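J.: whatever this is, show me its structure:
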Amino acid sequence: MEAYSVLKQLLLPPGLFLVLIAIAFLLVRGILGRMVLFVAWSLLLIMSLPVFAGPLIALSERYPALPPDAVDQTGAGAILVLGAGVYRDAPEYGGHTVDLNGMKRARYAAWLHRRTGLPIHVSGGAGPAAPGRVMRRFLEQELGVPVAMLEDESRNTRENAERSAPLLGAAGIHRVLLVTDAWHMPRAADAFRRAGVDVVPAPTYFLSGSRRLPGDGHTNDRARRWLPQAASFYASYYAIHELAGAVYYQLRARLVGADTPGADRA
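T.: Here you go, the predicted structure:
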């Protein structure tokens, strides 16, 4: 690997922060201060290295992709896509639009619709900038596919399921192709099943696997797996977010009447 590539990764975040924390460790005299810096440096390093981030995000991406030639053989009655974030007040669009995660989910939902002919149902959010409403507009106006149903009162993944279930039941739909990011699918699928909806997981945009994180699958560049990368930190963030969310959902399911509105907005 070129020295330039190594230097660049150490001067750009998160590598720069690792270097600064290491310098601070050398300057600090107190034992407690050094311990805090060492823990912070270690956690940041682990989250930023592809060699660790890859296996970590793989823990959340447990559901495999649907084989393209089998998507029309699932017995589902609809495609249900979960809203993601919103790119608010986008100046180039003159208003709200989907963010990158929302775009990925909507694109796959549209692809499934064209492949299967199943209606698209969107779930997510409340208010004029709700992810669901923004995604519906994106699907209909930019991707040219109709949206049959919109659930726009949910504030989190659990409410996506609880508020979508009666709407699906009223439409006579009991099995859906559930579309969300691969790292989000285990928690989302579990929430819908708890709400009584039979789901066929249809995950999209996998972060784990060969050639998706820096250095993975590239024989001549595997040394990059041991250099801090912003993409790896991004993957680690979502992995930890989902693992913590799954633990919370399991604990909540055991506590009768527990309710924490807005605790999860993924």
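
J.: where does the stretch 101-250 of the chain have low pLDDT?
T.: The stretch 101-250 of the chain contains residues with pLDDT under 70 at 128, 210-223.

J.: go again with 80.
T.: Counting by pLDDT under 80, the stretch 101-250 of the chain shows low-confidence ranges at 125-129, 209-225.

J.: helices of that one, residue ranges please.
T.: Counting by DSSP state H, counting those that start in this stretch, the stretch 101-250 of the chain has helices at residues 131-137, 157-170, 185-194, 230-254.

J.: just these: most buried one?
T.: Of all these, helix 131-137 has the most neighbours on average by mean count of other Cβ atoms under 10 Å, namely a mean of 25. (Glycine included, C-beta is placed from N, CA and C.)

J.: let's see that helix as CSV, backbone CA atoms only.
T.: Coordinates of each C-alpha in helix 131-137 appear next as CSV, following Å, rounded to 0.1, in the frame of the first residue of the first chain:
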residue,chain,number,x,y,z
PRO,A,131,-40.7,9.9,6.2
GLY,A,132,-43.8,7.9,4.9
ARG,A,133,-45.3,10.9,3.2
VAL,A,134,-42.0,11.9,1.7
MET,A,135,-41.4,8.4,0.5
ARG,A,136,-44.8,8.1,-1.1
ARG,A,137,-44.2,11.3,-3.0
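
J.: that one: how far from the chain's middle?
T.: 17 Å (Cα atoms, centre = their mean, to the nearest Å).

J.: which residues does it contact?
T.: Helix 131-137 has contacts (Cβ atoms under 8 Å, 6 or more residues apart in numbering) with 81, 83-86, 96-98, 102, 105-106, 122-125, 147, 150-152, 154.

J.: can you give me the distance of the residue lying farthest from the centre of the chain to Val36?
T.: The outermost residue of the chain, judged against the average C-alpha position, is Arg29 (40.9 Å), by Cα atoms, centre = their mean. Distance from Arg29 to Val36, counting by Cβ to Cβ, to the nearest Å: 13 Å.

J.: now swap in Gln250 and tell me
T.: Gln250 sits 31 Å away from Val36, going by Cβ to Cβ.

J.: over to Asn156?
T.: Remark: distance between Asn156 and Val36 (Cβ to Cβ) = 33 Å.

J.: same check, this time on Leu143
T.: 48 Å.

J.: tell me how many other residues crowd the residue lying closest to Leu168 once chain neighbours are set aside.
T.: Closest residue to Leu168 apart from its sequence neighbours, by Cβ to Cβ, 6 or more residues apart in numbering: Val197 at 6.2 Å. By other Cβ atoms under 10 Å, 21 other residues sit near Val197.

J.: can you give me phi and psi for Val197?
T.: As for Val197, its main-chain torsions (degrees, to the nearest 10) stand at phi -100, psi 130.

J.: that one touches Leu167, doesn't it?
T.: No: the criterion here is Cβ atoms under 8 Å, and Val197 misses it with Leu167 at 10.3 Å.

J.: more neighbours, Asn156 and Val36?
T.: A direct count of neighbours by other Cβ under 10 Å for Asn156 and Val36 places Asn156 higher, at 19 against 15.

J.: could you measure from that one over to Gly124?
T.: Note on Asn156: its distance to Gly124, by Cβ to Cβ, is 9 Å.
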